[in-house]
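>>> Build me a model from this:
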Amino acid sequence: MSREKGTGSVFYSTQRNQWVACAANGFSPSGGRKYKRMYCKTEAEAKKKLREFLREKDCGGSQAQSTLSVQDYMNQWLETVKRRTMKPSGYDRLESTCIKQVYPHIGDIQMHGVTSTDIQEMLNDLSCKYSQSVLKKTYDAINSCMRYAVNSNIIDRNPVNGVVVPKSSRESKEISILSDEEVELLKRECVKPFSRGKRGGYRLGYLCILLLNTGMRVGELSALEWSDVNFKGRSIRISKNASVIKNRDGDSDRTYVNVIYDNPKTKCSNRTIPINNAAMDALIHIKEITGNCKYVAANQDGDFLKPEAISNTFRTIQKNCGFKKQYGIHALRHTFATSLFRKNVDIKTVSTILGHSSTAITYNIYVHIIESLKVEALSLIDDV
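This next block holds a predicted model:
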């Protein structure tokens, strides 16, 4: 009967007329695998010696791991466990959470010495500086790592057990939306014709109008192909997402690279968006420029336009509009959603169009808008 890989083997040696217990035992200086062989009179004795050896080996490895600092162990966990199970963009965010939030507080403590108090104090301190979302990400990162350490017999118990995520003392940041006046200024500026060699105008200014009327994420627009656009059915299929990730291959001098994933941000991000008249007009104008390319938002070489390039165009348009406040590209998505709420579109429909995984997420993001619209509605009702 064969044994599980990594647990050694027991066999009878006719050459020595003895039972042999054999197990891997590290590597030689040249990199070859070394083996421990124990010779016994009986099969039962060989099996017993093998169990004892493996137990001692595991114990010694666990003890060595438990003396690693939290930072060293988490780096090892990130590289050997998480990197192979996560999308690169998600892995980048997790690594950033460890480096920026976890390591400065408890990174120097040895794994066997970290306590629930250490972790609670870390989160309490972070609650004064960061949002609730950052606190939750930090808690999830350290909890996942410590659970793995327990299952690997590195530590006896998870020190995150009993730790409470405190409420952030930072006020929740309200979303940014363009005013009606700013929307009109933006639309007039976006459609200015582009002429090579002359100042003014934009090659793909209509992309901002498309975002304003569909609520797409900028990464979804970057990855959008003309085959995803159904002009006859007046719909857009969202099934991909472009993202900027760290270059970990070392095959170039670039710190970050742009990639397209065949699946967008979440499962619910796979969706179909209806095309309104403004979006249709924008797509028609864009097709005149990039219609022969694979991508809707194509650069002059025919490749997909990077998300930051679209954001830069939006930034330039705002500057030329004379906006007093500079908005991030996501403000176009928020403005679109707010417009739907103002037109009394129900939250389930809005959530589906935006690609949120639940209506709770939609409500939490737009709670200030929803509540203010309720107040406006009540003010229109005469006293009973």
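>>> List the residues that contact the nearest residue to Ala298 once chain neighbours are set aside.
Spatial nearest neighbour of Ala298, excluding adjacent residues (Cβ to Cβ, 6 or more residues apart in numbering): Thr290 at 4.1 Å. Yep, even glycine has a C-beta here, placed from its N, CA and C like the rest. Contacts for Thr290 were tallied using Cβ atoms under 8 Å, 6 or more residues apart in numbering; they are Leu204, Trp226, Val296, Ala297, Ala298.
>>> Looking at those, point me to the pair that's furthest apart.
Taking Cβ to Cβ as the measure, the contacts of Thr290 reach their widest spread between Leu204 and Trp226, a distance of 13.9 Å.
>>> who has more neighbours, these two?
Between Leu204 and Trp226, counted using other Cβ atoms under 10 Å, the more crowded position is Leu204 (22 against 17).
>>> contacting residues for the more buried one?
When contacts are counted by Cβ under 8 Å, 6+ apart, Leu204 is found next to Ile286, Ile289, Thr290, Ala297, Leu305, Ile310, Thr313.
>>> what's the spacing between the third one and Leu212?
Spatial separation of Thr290 from Leu212 under the definition Cβ to Cβ, to the nearest Å is 19 Å.
>>> cool, and the last one?
Taking Cβ to Cβ as the criterion, Thr313 is separated from Leu212 by 13 Å.
>>> neighbour count winner among these two?
Comparing Thr313 with Leu212 by other Cβ under 10 Å, the one with more neighbours is Leu212, at 24 against 20.
>>> so the more buried one touches Ala331, yeah?
No - assessed by Cβ atoms under 8 Å, Leu212 is found out of contact with Ala331, at 9.4 Å.
>>> Tell me how the chain divides into domains.
Residue ranges of the domains in the chain are recorded as 9-65, 70-151, 180-379, according to automatic domain parsing.
>>> Tell me which of those domains sits nearest to Lys173.
Taking Cβ to Cβ, domain 70-151 is the member of the domains of the chain nearest to Lys173, at 7.2 Å.
>>> Could you pull out the helices in this structure for me?
For the chain, the helices identified by DSSP state H occupy 43-66, 70-77, 88-97, 103-106, 116-126, 132-151, 180-190, 206-214, 218-223, 277-290, 307-321, 330-342, 347-354, 359-379, in order along the chain.
>>> Generate a markdown table for these, with distance to Ser239 as supplementary columns.
Putting the helices of the chain into a markdown table (distance: least, Cβ to Cβ, whole Å) gives the following:
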| stretch | distance to Ser239 |
| --- | --- |
| helix 43-66 | 42 |
| helix 70-77 | 32 |
| helix 88-97 | 17 |
| helix 103-106 | 37 |
| helix 116-126 | 36 |
| helix 132-151 | 26 |
| helix 180-190 | 26 |
| helix 206-214 | 14 |
| helix 218-223 | 8 |
| helix 277-290 | 17 |
| helix 307-321 | 17 |
| helix 330-342 | 18 |
| helix 347-354 | 15 |
| helix 359-379 | 20 |
